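Participant: can't give you the sequence, but here's the structure:
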Ligand code: ADP
Ligand code: MG
C-alpha cells in the first residue's frame with residue numbers, strides 16, 4: 001500500500017508517472033492528490049452540446065456522426081474533420097493530420113472527447129482533442145461509468161496528459177492508498193466542521209455532488225491558510241523567545257535635539273506610531289513591526305526618530321533600502337535633516353552627535369572599507385545601505401535596530417539575515433508604502449505587529465491623474481510639461497524600457513545580480529499579470545528614444561533633460577539624481593527605478609509612457625513621486641492600448657488616490673501566488689484555492705487555531721503529523737529561495 005510520500009512511479013508505473021513529473025512537477029502520491037481539479041463537469045448519457053462555452057476546457061460524451069478528410073493546401077498530408085453529436089447538436093473536431101485517427105473515429109463510435117472549445121464562424125470546435133472511445137460491446141457500461149459522477153477537469157487541457165487520463169491515474173492512486181494520517185487536530189476539525197484528509201482527497205477527485213466538491217475545497221482552503229498561519233505563529237513565538245537589549249529613551253539626547261529642530265509638527269498618526277515603537281524598543285524581546293502608510297505619509301521621519309532613540313541608548317542602527325538611488329537619497333536627506341547632529345566626533349559637530357555612513361555594493365574599495373570600519377567600530381550610529389548590508393562580512397559593534405524601507409522588495413530570508421547581524425537580535429521595523437489589505441498583511445507579514453499611518457501631513461495637495469489615450473493630445477502633454485517647468489517646477493517621464501539592447505524590461509533582482517534593481521523577485525503588487533502578458537506588436541517607449549524625442553520637441557526647446565536607468569554607472573545615477581534634486585535638470589526621463597521613495601518636492605508632473613504596461617499599484621507608487629510638495633501634482637498616463645479592460649484599469653487609477661482601494665483592485669487581478677511573492681509560491685506550499693480577499697473569515701479562523709496550537713506547543717511535539725507537514729512546507733520554501741539564488 002502507498003502513502004502520500006510514495007513515488008508515483010511505484011504505484012502507476014514509470015511511463016505514466018514521468019510526464020506528470022516532467023510537466024506538472026508531480027512526483028509523489030501526495031503531489032498528485034494535491035493537484036486540485038480546476039473544474040468539474042457533469043456528463044449526462046450523452047453530453048448536451050448546446051451548453052458549451054467558448055474557451056472552456058470540456059470533456060464530453062458524444063457519438064461520431066460523420067468524418068471527412070481533405071488534402072491540406074499549405075503542406076502535405078490530409079486533414080481530418082469529424083462531427084460528433086449528442087443527437088441534436090453538433091461539435092466539429094479538427095485534426096491536422098488524419099493519420100491514426102481516421103481509422104478509429106468512424107461514424108457510430110462513442111466516446112469521451114476533451115479539449116478547449118473554440119468557435120469558427122457558426123460552429124463549435126475542438127482542435128486536436130484528446131479522446132477515448134468506448135468498446136462497442138460495452139458501450140452501455142462505459143456510459144454508465146461516466147454518468148452520475150462529476151468529472152474532474154485538470155488543467156491545462158491536452159498536453160501532456162489529457163484530463164481524463166489524469167483522472168484515471170488519480171483513481172488508481174486513491175485505490176492503492178492507505179488511510180492517511182490527518183495533520184489537523186480532531187478538535188479543530190470538529191469545531192470548523194471540516195472533513196478529514198482522506199475524505200477530502202476522495203471528494204476532491206471523485207465527487208458525486210456539488211456539495212462534495214465544496215466540502216472538499218473548503219477543507220483544502222482551510223489547510224492552505226492553516227499551514228501558512230502555523231509557520232507564522234512559529235516565527236512569532238520564536239521571535240518572542242529571542243532576547244535583546246531594551247532601548248530606552250534618554251533625556252537630552254539626539255532624539256530630543258532632532259525633535260526640537262523638526263520644521264513641522266508630527267501628525268497624530270506619527271505620534272501614535274512612534275509611541276508604539278518606543279514601547280516595543282523598551283522591551284527585552286526584539287520588536288518585529290510592520291509600518292505601513294501611503295506614499296508620502298511620513299514613515300521615514302517616524303523611523304528616524306526611532307533610530308535616534310536607539311543611538312541615544314548606545315546602539316547602532318541600519319537602514320536598508322531596495323535600490324542604490326534610494327539608499328543614497330536616504331543618506332543625503334537624513335544627513336541634511338540631522339545637520340550637525342550627524343557630525344559626531346568631528347570638529348564643529350554636535351557633542352551628542354552621531355555619524356551616518358553609506359554602504360553600497362558599488363562603492364570604491366577605499367570608501368567602502370571606511371564604511372565597514374565605521375560600522376564595526378560603532379562610530380556610525382546610522383548605517384544606510386542596499387542589500388550589500390546583509391553580506392556576511394559587514395560587522396556592527398552593537399546593532400540595536402534595523403529599519404527596512406519599502407519591504408515589498410525584500411524577502412523574509414533577507415530580513416532574517418539582517419536580524420542575525422547583532423550580537424543580540426536587533427529590533428526590526430519594516431516599512432512599506434504599498435497599502436496592504438488586512439488578510440494579505442496577515443498572511444504575508446502575519447508574524448509581525450503592524451502599525452498604519454492613515455493620514456497625510458497637512459498641506460499636501462492631491463495628485464490629479466489623467467489618462468491620455470488619444471494621440472491628438474500627445475503633443476499637448478508635452479506642452480503641459482513645459483508649462484509646469486516654466487512655472488519653476490520639474491517633471492518625470494517614465495518609460496517601460498531602457499532602450500539599448502535589452503529585450504523587454506530591465507534585468508537584475510535584489511539579492512542576486514547586484515543591488516541595483518528595477519524589477520524584483522519579491523514584488524507584491526507590481527506588474528499586473530494580465531497587462532504584461534499581453535503580446536505587444538508595438539515597440540514600447542524607451543528612456544533613450546524618449547530622451548532624443550523630447551530634445552527634438554519644439555515645445556520643450558531649451559529645457560534641461562537627463563536620463564536615469566538601471567544600466568547607468570553608479571556615479572552617473574547619483575549625479576543625475578543629485579542634479580534633479582538640486583533643480584539643475586528640468587525633466588528626468590527614467591525607468592521605474594524612481595518608483596520607490598525618490599523624494600524631490602519640486603517635481604510636480606509625471607508623464608508615464610505606455611502606462612498600460614504597469615500594474616495598478618505600481619502606477620500609484622510612481623505618481624506618489626509628484627505628490628511630495630505643496631503644489632498640486634499632475635500625473636498623465638499615456639497609453640495607446642486598444643483594450644477597453646486595460647483602459648478601464650487606468651481610469652480607475654485616475655479616479656482615486658486611495659491606495660487601499662487600488663491595492664484591493666490590483667489584488668483582484670492577480671493570482672495569490674504573485675501576491676505572496678516567492679515566499680509562499682515557491683513549491684507545493686503555494687496557495688491554490690485560497691483567495692486572500694474572499695476568504696477572510698476562513699483565514700481568521702485558521703489563524704486563531706494555528707496560533708492557539710503553536711502557543712501551547714511551539715515545537716508541535718503533540719502534533720507530529722502537523723509538524724511533518726510544516727517542515728516539508730518550510731523545506732519547499734527554502735528550496736524555492738535557494739533556487740532563486
Ligand atoms: P514616506 O516614506 O512615508 O513616503 P516620507 O517620510 O519620505 O514619506 O515623507 C515625505 C515628505 O513629507 C518628506 O519630505 C518629509 O520631510 C515630509 N513630512 C513628514 N512628516 C511630515 C509632517 N508631519 N508634516 C509635514 N511634512 C512632513
Ligand atoms: Mg519613504
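Facilitator: Nice, thanks for sending it over. Owing to the predicted nature of the structure, the values given are computational and were not obtained by experimental measurement. Ligands and ions are numbered 1, 2, ... in the order given.
Participant: helix or strand: which one has the residue of the stretch 301-450 of the chain found nearest ligand 1?
Facilitator: Going by CB to the nearest ligand atom, ligand 1 is nearest to residue 301 of the stretch 301-450 of the chain, at 4.6 Å. To be clear about C-beta, it is placed using only N, CA and C from the backbone, and glycine gets the same treatment. Per DSSP states H and E: residue 301 is located in helix 299-312.
Participant: centre of the chain to that helix, how far?
Facilitator: How far helix 299-312 lies from its chain's middle: 29 Å, per CA atoms, centre = their mean, to the nearest Å.
Participant: same deal with stretch 650-668?
Facilitator: Stretch 650-668 has its C-alpha centroid displaced from the chain centroid by 16 Å (CA atoms, centre = their mean).
Participant: swap in stretch 327-342?
Facilitator: 31 Å.
Participant: got it, and stretch 316-336?
Facilitator: Put simply, stretch 316-336 sits 24 Å off its chain's centre (CA atoms, centre = their mean).
Participant: quick one: contacts for the closest residue to ligand 2 within the stretch 251-400 of the chain?
Facilitator: Proximity of the stretch 251-400 of the chain to ligand 2 (CB to the ion) peaks at residue 300, 4.8 Å away. Going by CB atoms under 8 Å, 6 or more residues apart in numbering, residue 300 touches 330, 333, 405, 431.
Participant: pLDDT below threshold where in the stretch 51-200 of the chain?
Facilitator: Across the stretch 51-200 of the chain, the ranges flagged by pLDDT under 70 are 143-149, 155-160.
Participant: quick one, what contacts the residue in it that ligand 1 sits nearest to?
Facilitator: Closest to ligand 1 within the stretch 51-200 of the chain is residue 192: 39.1 Å, counting by CB to the nearest ligand atom. Residue 192 is in contact with 222, 701, 705, counting by CB under 8 Å, 6+ apart.
Participant: just the helices in the stretch 551-700 of the chain please.
Facilitator: With helices called from DSSP state H, counting those that start in this stretch, the stretch 551-700 of the chain shows them at 570-582, 616-623, 644-655, 659-668, 672-676, 678-681, 696-712.
Participant: tell me, how many residues neighbour whichever residue of the stretch 101-250 of the chain sits closest to ligand 2?
Facilitator: Of all residues in the stretch 101-250 of the chain, residue 247 sits closest to ligand 2, at 22.6 Å by CB to the ion. By the measure other CB atoms under 10 Å, the count of residues near residue 247 is 25.
Participant: next: residue 405.
Facilitator: The burial count for residue 405: 26, using other CB under 10 Å.
Participant: next one: residue 695
Facilitator: By other CB under 10 Å, the residues close to residue 695 number 21.
Participant: that one reaches residue 224, doesn't it?
Facilitator: No: at 9.1 Å, residue 695 does not count as touching residue 224 under the criterion of CB atoms under 8 Å.
Participant: tell me which helix or strand in the chain has the weakest average pLDDT.
Facilitator: Between all helices and strands in the chain, the lowest mean by mean pLDDT, DSSP states H and E belongs to helix 529-533, at a mean of 32.
Participant: for the protein, what's the longest helix?
Facilitator: Longest helix in the chain, counting residues (DSSP state H): helix 210-241.
Participant: may I see the buried residues of that one?
Facilitator: Within helix 210-241, the residues scored as buried using 16 or more other CB atoms under 10 Å are 212-213, 215-237, 239.
Participant: likewise stretch 112-119?
Facilitator: By neighbour count with 16+ other CB under 10 Å, stretch 112-119 contains the buried residues 112, 113, 114, 115, 116, 117, 118.
Participant: partners of the second one in the sheet?
Facilitator: Note on residue 113: beta-bridge partners by DSSP bridges are residue 60, residue 131.
Participant: one more: the last one?
Facilitator: The partner list for residue 118 in beta bridges (DSSP bridges) reads residue 125.
Participant: hang on, the earlier thing: what's the residue of the stretch 301-450 of the chain closest to ligand 1 in contact with, if anything?
Facilitator: With CB under 8 Å, 6+ apart, residue 301 has these contacts: 262, 266, 270.
Participant: take the residues you listed and keep only those in helices.
Facilitator: Of the positions in the contacts of residue 301, residue 270 sit in helices, assigned by DSSP H.
Participant: how's the chain carved up into domains?
Facilitator: The chain is divided into the following domains under automatic domain parsing: 39-153, 263-453, 463-656.
Participant: circling back to that earlier point, quick check, the residue of the stretch 101-250 of the chain closest to ligand 2 in contact with residue 281.
Facilitator: Yes: counting by CB under 8 Å, residue 281 is a contact partner of residue 247 at 4.5 Å.
Participant: anything in contact with each of these two?
Facilitator: With CB under 8 Å, 6+ apart, residue 247 and residue 281 have common neighbours 309, 310, 401, 427.
Participant: closest one to residue 377 out of these, please.
Facilitator: residue 310 (17.0 Å; CB to CB).
Participant: what is the burial count for the closest one?
Facilitator: Residue 310: 27 surrounding residues under other CB under 10 Å.
Participant: is it true that it touches residue 246?
Facilitator: No: taking CB under 8 Å as the definition, residue 310 is not a contact partner of residue 246, at 10.4 Å.
Participant: show me whatever sits in contact with both of the two.
Facilitator: Among the neighbours of residue 310, those also in contact with residue 246 (CB under 8 Å, 6+ apart) are residue 281.
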